[in-house]
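Novice: Quick one: sequence and predicted model below, then my questions.
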Amino acid sequence: MTITIINGGTQGLGEAVGRALVAKGATGLVLAGRSRDRGEALATELTQLGTPSIFVEADMNRITAPQTIVDACDKRFGTVNGLVNVAAITTRANLLADTPEHFDRQMAVNAKAPYFLIQATVRLMLREGATGSIVNVGSVASHGGAAKLTSYAMSKGALTVMTKNLAYGLMRHKIRVNQVNPGWMDTESEHWIQMNEDGAPEDWLVAAERSRPMGRLVKPWEVANVIAFCLSPDSGMMTGNCIDVDQSVHGAGDPHVPGVEDTIPI
């Protein structure tokens, strides 16, 4: 039996994770998110594909949301084996433009909510004697460098510290905790941010993909496949790991950027 909660499971990467788990034969899914229409429609579709799925309406900025999600999982399935923390928000602002309200909201949704959702999930796992896997979705932004993402990067950096500490604390219970850090990803939410916050043109994706080393942005399905691997027994004893799904080597330059030396012939 593999019952998995997906926090932020109604669109984008969260939806892709749900579809990947259905393809791998998941026993049940709990999709948590804010959009009831999208969530219920997706839960119905995934159920019709063979994996019983439910939607739980939850705003991760509310401290009651984590327990609400786990209570719904307990009521429907009676146990849980997996958790994926996808839901996150980003407010793009540099040091001088950022506000305490933006900072606090990012920390609440991106770090505080995952922590207490893990707490509630683990309590149910321990009650049922279940083992399993938890995957947090971080960001390569936590490695630093983007001035307008500083507070967002801080929240994802906190998630990284959480991942490693909880992996250590839960390993004797046979509960693994890992993190997947996507790079610049082609999602509906990224398109909205580009158009509404960054003032990008309608065809921003064409130029963005042309600028990337491998000619495109990261796609949700390929990140979802890595997450599904981390949830599965195929990942063996992996715990406390942070996996970057990006087209770069952090700390090294792109050899085709002007002023950077060419690659060493191999």
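Specialist: Received the coordinates, thanks. Numbers count the residues shown, from 1 in each chain.
Novice: Show the contacting residues for residue 231.
Specialist: 2, 4, 21, 82, 84, 132-133, 135 (Cβ atoms under 8 Å, 6 or more residues apart in numbering). For the C-beta atoms, the positions are set from N, CA and C on the backbone; glycine is no exception.
Novice: please redo it, this time with the cut-off set to 10 Å
Specialist: For residue 231, the contact set (Cβ atoms under 10 Å, 6 or more residues apart in numbering) comprises 2, 4, 17, 20-21, 24, 26, 81-84, 132-135, 176, 178.
Novice: Of the residues you listed, grab the buried ones for PyMOL.
Specialist: Buried residues within the contacts of residue 231, by 16 or more other Cβ atoms under 10 Å, are selected in PyMOL with:
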select buried, resi 2+4+17+20+21+26+81+82+83+84+132+133+134+135+176+178
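Novice: In helices, which of the contacts of residue 231 fall?
Specialist: Residues of those located in helices (DSSP state H): 17, 20-21.
Novice: closest to residue 56 among those residues?
Specialist: Relative to residue 56, the closest of the ones in helices among the contacts of residue 231 is residue 17; by Cβ to Cβ it sits at 15.4 Å.
Novice: Quick check, that closest one in contact with residue 227.
Specialist: Yes. Assessed by Cβ atoms under 10 Å, residue 17 is found in contact with residue 227 at 5.3 Å.
Novice: Overlap of the contact sets of those two?
Specialist: 4, 6, 84, 86, 135, 137, 180.
Novice: thinking again about what came up before, so which of the ones in helices among the contacts of residue 231 comes closest to residue 187?
Specialist: residue 17 (12.4 Å).
Novice: List the contacts of the closest one.
Specialist: 4, 6, 8-9, 29, 31, 84, 86, 135, 137, 180, 220-221, 223-228, 231.
Novice: Now the nearest residue to it once chain neighbours are set aside: which helix or strand?
Specialist: Closest residue in space to residue 17, ignoring its immediate chain neighbours: residue 224 at 4.5 Å, by Cβ to Cβ, 6 or more residues apart in numbering. For residue 224, the enclosing helix or strand under DSSP states H and E is helix 220-231.
Novice: Likewise for residue 31?
Specialist: For residue 31, the host element (DSSP H and E) is strand 28-33.
Novice: could you give me the average pLDDT of that strand?
Specialist: Strand 28-33 comes out with an average pLDDT of 98.
Novice: What residues of the helix or strand just after it count as buried?
Specialist: Downstream of strand 28-33, the next assigned helix or strand under DSSP H and E is helix 36-48. Neighbour counts over helix 36-48 (16+ other Cβ under 10 Å) mark 38-40, 42-43, 46 as buried.
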